[in-house]
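Asks: Take this sequence and fold it.
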Amino acid sequence: MTLYRPPAPHPTGPVRGLIRAAWRGERDLLSLMPDIAYTTSIGRLGRSRRGIVLINEPDAVVQVLTDPLGVFPKNDLMVGALEGLVGQSMFVASGPPWRRQRRMIEPAFSLMRVNRSFEAMKAGIDAYEPILDDAAQSGDAISLDATMSALTADIICRTIFTQSLASQTARDVFAAFGQFERSVANTEIRRLLLGRPFAKIPQSAAVREACARIRNHLATLLKPRLAPDAAPIDDIVGAVIAARDADTGEGFSESELIDQIGVFFLAGHETTASVLTWCFFILAQRPDLAARLRAESENLADIRLEHTKQLGFTRNMFREAMRLYPPITFIPRVAEQDTEIAGHRLERGCMAMIAPWTIHRSPNNWPNADRFDPDRFEGEVTPGSYIPFGYGPRICVGAAFATIEATLILARLAQRYDFTPLNPDRVRPVARLTTKPAEEIAVRVTRRA
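Replies: Prediction:
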C-alpha cells in the first residue's frame, strides 16, 4: 500500500527555496528550508550574521537539549517572541531563574496527572458536542482550527481553574493568539539572517495588543482567586498561588502569576489543538485510517481512563501527526560560550538550531520520512530522533496529559462526526510558534449514525 504524504513543501535547492519563501511571504520558513537541511546530520545553514548550525543527529540533539554544562540557553529570538505573552516565566528563563521557578511550580505539575484531569477532559468534550451538533444541523462551514482550539482551551481551563471557559472568551483567545503568531518577530527571515545574537527583539503594536488581550483574560479568571475572602481550591492555580521561594519565602506577584499560568494555559491547549487539527484533516483524506481508528473504540460507549491504554492505534495517530507536524517547529538555542558539538565548532552567539520539523523528516532518522504511518510507533524510537515535547530537563511536563487528552478527543469525535474540508488542496503548513495551516481549514460537520 502506498503511504500517504500529507501537505508539506517539497524540499528544493537553497536559491529556489528562498525565491519560494519570498513569494509566499517572509514568514514561510518551511518553504525556505533547502533539501540539504533534511539530509545533513550537522552543518551550517546558509550564511547569517549570527551563524546557524542545524542539528539533526539524535545524539547531538540529546547533548544540546540536556545541556549538562549550561552552555545552551534559550535563543534570543524565542525569548523575545514570548516574553510579551509569558514574561520571564520558566518557559523562557534559563539558569538559576529557571531552576528557582521550576522548584516553586513543582507541586502544580502533580495536579496535571491524568488521573486527576481525565474527568475535566470528558466534561469539556461533553460540553462541546452540542456546538458540533448545531454545526451539523445547520450545514454551515466552521473552522477546524478554531474548533480544536476552543475545545482544548476549555479543557485546560477546567484543569487549571476548575471552571469552564466561556465560548466567547475561547474564541477571543484563539483570535488573539492567531494575531500574535502571524505578527510575532521570531520567524522573520531578515532577522534570522541579519540579526545580532543576544539582541533585544522589538515587537509590533499588533503583537503587544494580542498579548494584552490574552493576559487580560487570564487576569479576569485569576482575580476571584486572589480576593482576600477567596477559599483555597486544590487545583493548578491554587498551587501556583501557594508556591513559595524556599530561600526567601516569597510567592509570585500578580504579574508573575499570570506569566506562569499563561505557560500552563497556552502550552496546554494551543500546541495540542494544532496537532489535532492535522489529525482530523488527515482522517478526512484517508478513510482507511479513519475506519481503523473507529474500529478500535466502537465498543466503548463511555471511554474511561483505563480504556485509553487499549487505544494504541488512536494514540499512534496523534504521535505520528506530532512527528510530521511538531507542535513547536523550531527549538533554537544559543551558545553562551565557544563550544563544540560532535566535532563542529560553535562560537559564542552561534545559534544551535534544533528543528523538530527537519529531525522528524530526516531520512537518516526515519524510513519513508515524509509519509504518514502511525504503525511506525509499534517499534522502538531512537532518543533524540523524536522530540515533539522537547527533551532533557526542560521536556514538557504535560506530555502525558496532552497524549491522553488527544487520544480521548480523537476517539470520541471520530466516532460521532465526520469533518469534510471544503478546500483540501489549499491546505499547507507554515512555521509560526506552532506548526499551523497557512489558512484556517474550513470544514462541514456531519453527525454519524
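
Asks: From Gly251, how far out is the residue of the chain most remote from its centre?
Replies: No residue in the chain has its C-alpha farther from the mean C-alpha position than Asp229, which lies at 36.6 Å (C-alpha atoms, centre = their mean). Asp229 sits 18 Å away from Gly251, going by C-beta to C-beta, to the nearest Å. For glycine as for every other residue, the C-beta is placed from the backbone atoms N, C-alpha and C.

Asks: With Gly43 instead?
Replies: 46 Å.

Asks: what does the longest helix that the chain contains rub up against?
Replies: Longest helix of the chain, by residue count under DSSP state H: helix 114-138. Residues outside helix 114-138 that contact it (C-beta atoms under 8 Å, 6 or more residues apart in numbering): 111, 142, 147, 150-152, 154-155, 158-159, 164, 167, 303-305, 400-401, 404-405, 408-409, 412-413, 416-417, 444-447.

Asks: out of the residues you listed, which are inside strands?
Replies: Ile142, Tyr417, Arg444, Val445, Thr446, Arg447 (DSSP state E).

Asks: residue contacts, the third one?
Replies: Read it as Arg444. Ala135, Gly139, Asp140, Ala141, Ile142, Phe419, Thr420, Leu422.

Asks: Next, the third one: phi, psi?
Replies: Note on Asp140: its backbone torsions stand at phi -70, psi 150 [degrees, to the nearest 10].

Asks: Can you tell me the closest non-neighbouring residue to it?
Replies: Arg444 (7.8 Å; C-beta to C-beta, 6 or more residues apart in numbering).

Asks: With the fifth one instead?
Replies: Counting by C-beta to C-beta, 6+ apart, Ala135 is the residue found nearest to Ile142 once chain neighbours are left out, at 5.0 Å.

Asks: Would you map the strands across this protein?
Replies: 42-44, 52-55, 142-143, 331-334, 339-341, 344-346, 351-354, 417-421, 429-431, 435-437, 442-447.

Asks: Residues touching the fourth one, excluding its own?
Replies: Spelled out, that is strand 331-334. 64-65, 67, 72-78, 197-198, 349-356, 387, 390.

Asks: Now the buried members of the residues you listed.
Replies: 64-65, 67, 72-78, 197, 349-356, 387, 390 (16 or more other C-beta atoms under 10 Å).

Asks: In helices, which of these appear?
Replies: Per DSSP H, the subset of these in helices is Val64, Leu65, Asp76, Leu77, Met78, Pro356.

Asks: Surely the first one and Ile341 touch.
Replies: Yes - using C-beta atoms under 8 Å as the test, Val64 is close enough to Ile341 to be in contact (6.6 Å).

Asks: Report the set of residues contacting both of the two.
Replies: Between them, Val64 and Ile341 share the contacting residues Ile55, Ala352, judged by C-beta under 8 Å, 6+ apart.

Asks: Number of residues surrounding the closest residue in space to Asp234 that isn't next to it in sequence?
Replies: The spatial neighbour of Asp234 that comes closest, neighbours along the chain excluded (C-beta to C-beta, 6+ apart), is Leu111 at 7.6 Å. For Leu111, the count of nearby residues is 18 (other C-beta atoms under 10 Å).

Asks: isn't Leu111 right next to Val237, touching?
Replies: No - using C-beta under 8 Å, Leu111 is not in contact with Val237; the gap is 9.4 Å.

Asks: Could you tell me which residues make contact with Asp235?
Replies: By C-beta under 8 Å, 6+ apart, the neighbours of Asp235 are Leu111, Thr159, Ile160, Phe161, Thr162.
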